[in-house]
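> just need the structure, nothing else, for what follows:
(one chain, ligands or ions: 2)
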Amino acid sequence: MAPTSTDPALSVANDLQSLSLSPAAPKGEVPSATPSDFLLPDDAVCVSAPGKVLMAGGYLVLERQHEGLVLATSSRFYCVAAGTRSAASSSTADPKSATITISASQFPAECSWSYRVNLVTYPAPQTNPGNGKNKFVEIALAKTLQLALETISEGEEYKGDNEKAGVELLRRMRGSGGGMEAFVMADNDFYSQREQLTDRNLPRRISSLTQLPPFNPLPRPIHQINKTGLGSSAALTTSLTAALLSYFGIITLPSSSSSPTPEETTSLDTVHALAQLAHCLAQGKVGSGFDVSSAVYGSHAYRRFSPAILTPLMSSPHLPIRAANLKDSLARDKWDQTTAPLRLPKGLRLVLADVDAGTDTPSFVNKVLWWKVEQAEEAGRMWASLAEANGLLRQHLEGLCSMEEDEGYTRFMEESAEKHMEDVSYIAAEVGVYSTLFVSSLTISLHICLRQLFRLVTAASKVPVEPAEQSRVLNASMKIPGVVGGGVPGAGGFDALFLLVVDTPTVLEAVQDLWEGWTEMSLCPLLARQSDGGLVKVDVGEVAGLKEGIAGWEKRKLAATL
Ligand SMILES: Nc1ncnc2c1ncn2[C@@H]1O[C@H](COP(=O)(O)OP(=O)(O)OP(=O)(O)O)[C@@H](O)[C@H]1O
Ligand SMILES: C[C@@](O)(CCOP(=O)(O)O)CC(=O)O
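Ligands and ions are numbered 1, 2, ... in the order given. Below is the predicted model of the structure:
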């Protein structure tokens with residue numbers, strides 16, 4: 001939480017046109033803290049947001065009449081916001097400004113973006129030029145400051161006085177050291193770890209991934225590292241906006257996803273709306289937003305917000321920060337997305353593979369949507385079938401969840417682990433639970449909605465939504481006893497694949513044996529499982545490797561400046 005005393009030295013220029021961002025300390029400035037000094041200040045706030053897998057509803061979810069089934073992942077982004085630890089330097093002595101440095105702390109030292117927020121005039125938006133731009137970081141910061149300023153300004157004490165509110169925001173940012181820092185850390189799963197496994201002579205298996213240190217430092221800057229499709233930009237935007245708002249004392253986040261208080265729910269809704277806006281601005285388009293939604297609310301059936309909510313805010317991604325009445329536009333009653341509960345039934349597990357190829361999602365989306373316009377009738381029929389099949393999948397998942405306490409459910413799952421899914425119905429007579437029917441129909445609906453129809457779309461649109469190479473490995477995977485189904489998540493293509501399997505070590509090993517020996521494409525499993533949890537506030541000390549990861553970053557940064 002931000003400090004609360006007032007700083008009498010702070011005076012404000014008359015023209016509070018905006019708070020603005022400008023480059024902070026020049027490159028090469030040696031940080032005054034050494035790694036051995038490294039200690040996060042007491043005011044540090046840490047928030048965490050999950051990654052995503054769009055299991056069903058790719059493309060359809062772009063339209064409000066259809067839902068997407070999105071699973072949040074156990075792999076997460078963490079963002080730690082804290083007061084700067086170095087004593088105020090000449091660059092931070094100016095009370096009318098505050099510095100903020102946001103660092104992607106598992107990347108090389110140049111993945112750090114510094115800004116000076118000031119109260120004077122409106123300069124052109126700039127970033128630390130030597131380190132290049134990070135659009136997602138810059139826009140998330142700008143929009144967060146705008147919302148924070150408006151919120152403070154509307155408070156009892158300030159009654160719309162922007163000048164005074166600006167002073168207060170700067171005071172919260174400055175703390176006692178003239179500024180603040182945010183350290184962004186992502187679980188290893190978000191970025192391909194193939195090189196790291198190869199360097200250590202480890203096979204591409206889950207057991208190898210667990211041997212890598214948490215937040216394993218990556219050898220090259222973000223844009224030169226392969227992502228795995230878990231939604232790094234959405235998790236980054238969500239965790240960064242949430243950490244900053246928390247640090248400024250604007251929101252109160254829950255520390256666990258179960259039963260948030262009304263105040264915490266409002267805070268989640270605020271972060272959701274703000275992160276959607278920032279993410280759309282950084283992407284330059286209004287997407288469906290399922291990734292930001294799952295970063296905030298966890299796994300759910302998602303119906304998108306109306307794009308018209310954001311369209312009027314899309315014209316000025318940058319400064320001035322006080323450009324529009326953001327708070328009103330982001331209020332919950334203006335938003336119409338829905339998030340219905342969804343989870344995997346007990347005993348089933350999500351397994352993900354990173355495919356060493358990659359797909360340009362925006363170009364896939366454009367091509368599929370063009371085809372849909374050109375072949376409206378055929379596409380309309382396919383969309384209707386897909387929507388129906390996705391609905392069935394959801395029903396079957398809910399059906400299985402409702403049977404978890406039935407007698408025989410666990411035994412049924414255990415026995416299913418040894419059977420090829422086509423044979424599952426044979427267990428029925430003996431175990432005598434309805435679950436059998438549901439697993440069978442789940443298998444069928446997964447097959448229909450996730451595979452067959454996507455293959456039809458592929459054939460008709462000529463966009464390889466489920467490419468033949470992916471079909472082959474999925475078909476082979478589904479022959480393994482205990483594999484319930486799978487598909488290509490999200491926009492499809494060559495990014496990733498997922499399976500739903502009965503959660504036993506034997507099934508998991510068999511899947512990995514197949515993938516390890518697969519020669520047509522290179523597959524690497526991820527550690528992630530499904531997770532019900534969304535955005536939460538966490539204790540830095542409780543996240544294994546987080547403090548050490550930040551300390552390691554400090555050390556690398558220092559080394560880079562020497
Ligand atoms: N750890 C990080 N710290 C700061 N910015 C990050 C980080 N990870 C990703 N980003 C930002 O997100 C951008 C990637 O966004 P893009 O939309 O291309 O991928 P994505 O669809 O989110 O990827 P994926 O789903 O594969 O994770 C990066 O260029 C960078 O701006
Ligand atoms: C194709 C689309 O529906 C899903 C893209 O999902 P992913 O980024 O491939 O996981 C696009 C969207 O929903 O914004």
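> and whatever residue of the stretch 51-200 of the chain ends up closest to ligand 1, how many neighbours?
Proximity to ligand 1, evaluated over the stretch 51-200 of the chain using CB to the nearest ligand atom, is greatest for residue 104 at 3.2 Å. Bear in mind the C-beta positions are built from the backbone N, C-alpha and C, glycine included. Residue 104 sits with 22 neighbouring residues when counted by other CB atoms under 10 Å.
> what's opposite it in the beta bridge?
residue 184 (DSSP bridges).
> residue contacts, it?
Taking CB atoms under 8 Å, 6 or more residues apart in numbering, we find residue 104 in contact with 111-112, 134, 184, 222.
> may I have stretch 546-562 as PDB, with CA atoms only?
Output of stretch 546-562 as PDB, limited to C-alpha atoms (Å, rounded to 0.1, in the frame of the first residue of the first chain):
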ATOM      1  CA  LEU A 546      10.200 -15.000  -6.700                       C
ATOM      2  CA  LYS A 547      12.400 -13.000  -4.400                       C
ATOM      3  CA  GLU A 548      15.500 -14.900  -5.700                       C
ATOM      4  CA  GLY A 549      14.300 -14.200  -9.200                       C
ATOM      5  CA  ILE A 550      14.100 -10.500  -8.500                       C
ATOM      6  CA  ALA A 551      17.500 -10.500  -6.800                       C
ATOM      7  CA  GLY A 552      19.000 -12.300  -9.800                       C
ATOM      8  CA  TRP A 553      17.600  -9.600 -12.000                       C
ATOM      9  CA  GLU A 554      19.100  -6.900  -9.900                       C
ATOM     10  CA  LYS A 555      22.500  -8.600 -10.200                       C
ATOM     11  CA  ARG A 556      22.300  -9.000 -14.000                       C
ATOM     12  CA  LYS A 557      21.200  -5.400 -14.300                       C
ATOM     13  CA  LEU A 558      24.100  -4.200 -12.200                       C
ATOM     14  CA  ALA A 559      26.500  -6.400 -14.200                       C
ATOM     15  CA  ALA A 560      25.100  -4.900 -17.400                       C
ATOM     16  CA  THR A 561      25.800  -1.400 -16.300                       C
ATOM     17  CA  LEU A 562      29.400  -2.000 -15.300                       C
END
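> is it anywhere near ligand 1?
No. Applying CB under 6 Å from any ligand atom, one finds stretch 546-562 separated from ligand 1 by no less than 11.3 Å.
> quick one: low-confidence ranges for the stretch 401-550 of the chain?
422-442, 444-445, 448-449 (pLDDT under 70).
> ok, for the residue of it found nearest ligand 2, nearest residue in space, not its chain neighbours?
Closest to ligand 2 within the stretch 401-550 of the chain is residue 490: 2.3 Å, counting by CB to the nearest ligand atom. Computed as CB to CB, 6 or more residues apart in numbering, the closest residue to residue 490 that is not its neighbour in sequence is residue 54, at 4.3 Å.
> cool, residue 544 as well?
Residue 544 sits nearest to residue 214 (CB to CB, 6+ apart), 5.5 Å away.
> is it correct that the one you found is in contact with residue 188?
Yes. At 7.0 Å, residue 214 counts as touching residue 188 under the criterion of CB atoms under 8 Å.
> higher neighbour count, the two?
residue 188 (23 against 15).
> in terms of contact, does that one touch residue 211 like I think?
No. Under the criterion of CB under 8 Å, residue 188 makes no contact with residue 211, lying 10.8 Å away.
> list the buried residues of the helix or strand harbouring residue 140.
Secondary structure assignment for residue 140, by DSSP states H and E: helix 135-154. Within helix 135-154, the residues scored as buried using 16 or more other CB atoms under 10 Å are 136-153.
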